[in-house]
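**Student:** need a structure here:
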Amino acid sequence: MADDAPSLPTPDPAHSPRRVPLLFLNVIVIAVCGLVYELLAATVGSYLLGDSVTQFSLVIGIYLSSMGIGAWVSRYLHRGVARAFVEVQLLIALVGGTSAPVMFFSFGATADFSVVLYLEVTIIGALVGLELPLLMRLLERDLQFKDLVSRVLALDYAGALFASLAFPLIFVPMLGLVRTSFIMGLTNVLVAAWATSLLRSELRPRTRRGLQLRAAILAVCLLIGAIKAESLTAIAEERAFKAPILYAESTGYQRIVITEEHGGFQLHLNGNLQFDSNDEYRYHESLVHPVFAALGRDAQRVLIMGGGDGLALREVWRHPSVREVTMVDLDPGMTQLANRFPPLAKLNEGSLADPRLKIVNEDAFIWVGDHQDERYDIVIVDFPDPNNYALGKLYTAHFYGLLKGVVAADGAVVVQSTSPLFVARSYWIIITTMESAGFIVRPYQVPVPSFGVWGYALAKKAPFPVPSATPVALRYLDPATMAAMFVMPRDMQRVPADVNRLDNQILVRRYEEEGERWR
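**Tutor:** Residues are numbered from 1 along each chain as shown. Purely as a prediction, here's the structure:
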């Protein structure tokens, strides 16, 4: 049967029973690949642009609406349905299979990365929306309408369920984003090549051979891309970071990249700088030692939340009274890296190897709620900035209320709190939120060349004087410097701020708005 016939013929009865289940298997593969492309786009968007809720919401909305457009367009395809189905598969393989590397490379090459991101989502969504109606039309002569619709939709949803589970549990941690993209594209190519065999009676021999040749060429290209995925990722990240990369790893929770510049190294999580080895001592001395000074007695039990790089812990061990430290950090990949990456292990002075340390790789929000019977002399909160809602929950009144429950009656807490200069309203939201949980808060700031002016919040359950003495000899802090940190200059004075709550997460939105002005 020629591929330009006005309608599809009734398949050979001897062939039909065999091709129906095989075409239904195609439905599952199509659903898996389509949803993975959607998740890839949302994840890359969150990684590069931040604000994961916004990126996932926009990607899902654009993807679904584009599927509707593709489904609507399918009604205008009257001839060559079999050929159109295979060609759509090849187009999805090309666009979807290269989507992750294209997005990574475009981030460093264009000033408006979001246009590329949403254009990719629109094209893939439209093509996925087009292919299912075409497949249903190929099966309409083999099944009654009610059976056709129910089976296709049931298998489509089953494939989506598998993809939603496999993406975070298998694809990202084991393959990475770029290799996952190529492998999904390769899967679409195999579906297309398979379809040329299943639909041979509806394709001209010359057309079938041409489609198979294109599928073979595309399969080779995508296979090479999958093999070279790590090299491509490294090239894309070097373009984005503009510095040589010493180490890169995708864990189940984040992308860890370590770059080398200015005679030191820099650690980035999901594209955001966490520290520079040249000046991190300013940040970590200022984070740790004021809270020890504020305690007013020897500290024995210390809780560190975050800080998986071991640098804050290094400063804690300078206090000989400390008998035990519990570190709660979500990502085991980070706490393991702090030991096995020699430059970082040297910088943190092997702090994570101390037998007095207990490492807990759990969500801090859940952990602190489950350990309200514990009491710590000092709590050090060193989370990344609240640039997404997963982190924002760790800056809410609810979390600080739980935190208050694990602090000893005369204990002290310190929280890294972003910049009171660059994101002033975000900084004061954190202070206000801690006060709403019942803490007495002393705000302070310190200049860190890699970050600019950085802010902290020192807190206790009862009023306390500003600390002015360093308990130990340090590289940066001395009594005069510590006292000066608690003086907030005129351009960093308090501004009106709301309380950050779980049900509004106003801090994440405000941080994104303020941060945009400095990008």
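**Student:** the stretch 51-200 of the chain: helices as residue ranges?
**Tutor:** 52-73, 81-97, 99-109, 113-139, 145-166, 177-198 (DSSP state H, counting those that start in this stretch).
**Student:** just the stretch 351-500 of the chain next, same as before
**Tutor:** Going by DSSP H, counting those that start in this stretch, the stretch 351-500 of the chain shows helices at 364-370, 389-392, 397-405, 424-436, 479-485.
**Student:** the fourth one vs helix 397-405, what angle?
**Tutor:** Helix 424-436 and helix 397-405 meet at an angle of 50 degrees, taking axes from the mean of the first three to the mean of the last three Cα atoms, to 10 degrees as the criterion.
**Student:** for helix 424-436, packing partners?
**Tutor:** helix 397-405, strand 440-448, strand 452-460, helix 506-516 (3 or more Cβ pairs under 8 Å, 6 or more residues apart in numbering; DSSP states H and E). Glycine gets a C-beta too; all of them are placed from N, C-alpha and C.
**Student:** give me the distance from that helix to the chain's centre.
**Tutor:** How far helix 424-436 lies from its chain's middle: 25 Å, per Cα atoms, centre = their mean, to the nearest Å.
**Student:** make TSV from the helices of the stretch 51-200 of the chain and add mean pLDDT, mean neighbour count and distance to Ile258 to it.
**Tutor:** Formatted as TSV, these follow (pLDDT from 0 to 100; neighbours: other Cβ atoms under 10 Å; distance: least, Cβ to Cβ, whole Å):
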stretch	mean pLDDT	mean neighbour count	distance to Ile258
helix 52-73	88	18	23
helix 81-97	92	24	29
helix 99-109	82	21	18
helix 113-139	88	21	23
helix 145-166	82	15	29
helix 177-198	90	23	18
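**Student:** wait, which of the ones you listed is closest to Ala409?
**Tutor:** Taking Cβ to Cβ, helix 52-73 is the member of those nearest to Ala409, at 37.6 Å.
**Student:** by contact count, what packs against that closest one?
**Tutor:** So helix 52-73, by 3+ Cβ pairs under 8 Å, 6+ apart, packs with helix 16-49, helix 113-139, helix 389-392.
**Student:** would you turn the ones you listed into a markdown table with distance to Glu202?
**Tutor:** What follows is these, written out as a markdown table (distance: least, Cβ to Cβ, whole Å):
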| stretch | distance to Glu202 |
| --- | --- |
| helix 16-49 | 10 |
| helix 113-139 | 8 |
| helix 389-392 | 49 |
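**Student:** can you say which of those helices is nearest to Ala243?
**Tutor:** helix 16-49 (16.7 Å).
**Student:** got the buried residues for the closest one?
**Tutor:** Buried residues in helix 16-49, defined by neighbour count with 16 or more other Cβ atoms under 10 Å: 19-20, 23-24, 26-49.
**Student:** re earlier: just send the helices of the stretch 51-200 of the chain back as JSON lines, with distance to Ile429 too.
**Tutor:** Converted to JSON lines, the helices of the stretch 51-200 of the chain look like this (distance: least, Cβ to Cβ, whole Å):
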{"stretch": "helix 52-73", "distance to Ile429": "18"}
{"stretch": "helix 81-97", "distance to Ile429": "40"}
{"stretch": "helix 99-109", "distance to Ile429": "29"}
{"stretch": "helix 113-139", "distance to Ile429": "26"}
{"stretch": "helix 145-166", "distance to Ile429": "33"}
{"stretch": "helix 177-198", "distance to Ile429": "32"}
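**Student:** for Arg318, which of those is the nearest?
**Tutor:** Per Cβ to Cβ, nearest to Arg318 of the helices of the stretch 51-200 of the chain: helix 52-73, 36.5 Å.
**Student:** what ranges does the stretch 201-350 of the chain have for its helices?
**Tutor:** Assigned by DSSP H, counting those that start in this stretch, the stretch 201-350 of the chain shows helices spanning 205-227, 229-241, 280-295, 311-316, 332-340, 342-347.
**Student:** return the most buried member of these.
**Tutor:** helix 311-316 (a mean of 26; mean count of other Cβ atoms under 10 Å).
**Student:** show me what that one is packed against.
**Tutor:** helix 280-295, strand 301-306, strand 324-328, strand 376-382.
**Student:** looking at those, which is nearest to Leu507?
**Tutor:** Comparing those against Leu507 with Cβ to Cβ, the closest turns out to be strand 376-382 (14.2 Å).
**Student:** now that closest one - C-alpha only, PDB.
**Tutor:** Extracted C-alpha coordinates of strand 376-382, given in PDB (Å, rounded to 0.1, in the frame of the first residue of the first chain):
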ATOM      1  CA  TYR A 376      22.300  20.900  71.900                       C
ATOM      2  CA  ASP A 377      24.500  23.700  73.300                       C
ATOM      3  CA  ILE A 378      25.100  25.100  69.900                       C
ATOM      4  CA  VAL A 379      23.200  24.800  66.600                       C
ATOM      5  CA  ILE A 380      24.900  26.000  63.400                       C
ATOM      6  CA  VAL A 381      22.600  26.300  60.300                       C
ATOM      7  CA  ASP A 382      24.600  26.400  57.100                       C
END
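**Student:** let me see the mean pLDDT of that strand.
**Tutor:** Strand 376-382 carries an average pLDDT of 97.
**Student:** run a quick neighbour tally on the closest residue to Ser250 other than its chain neighbours.
**Tutor:** Closest residue to Ser250 apart from its sequence neighbours, by Cβ to Cβ, 6 or more residues apart in numbering: Gly176 at 4.9 Å. Close neighbours of Gly176, defined as other Cβ atoms under 10 Å, add up to 18.
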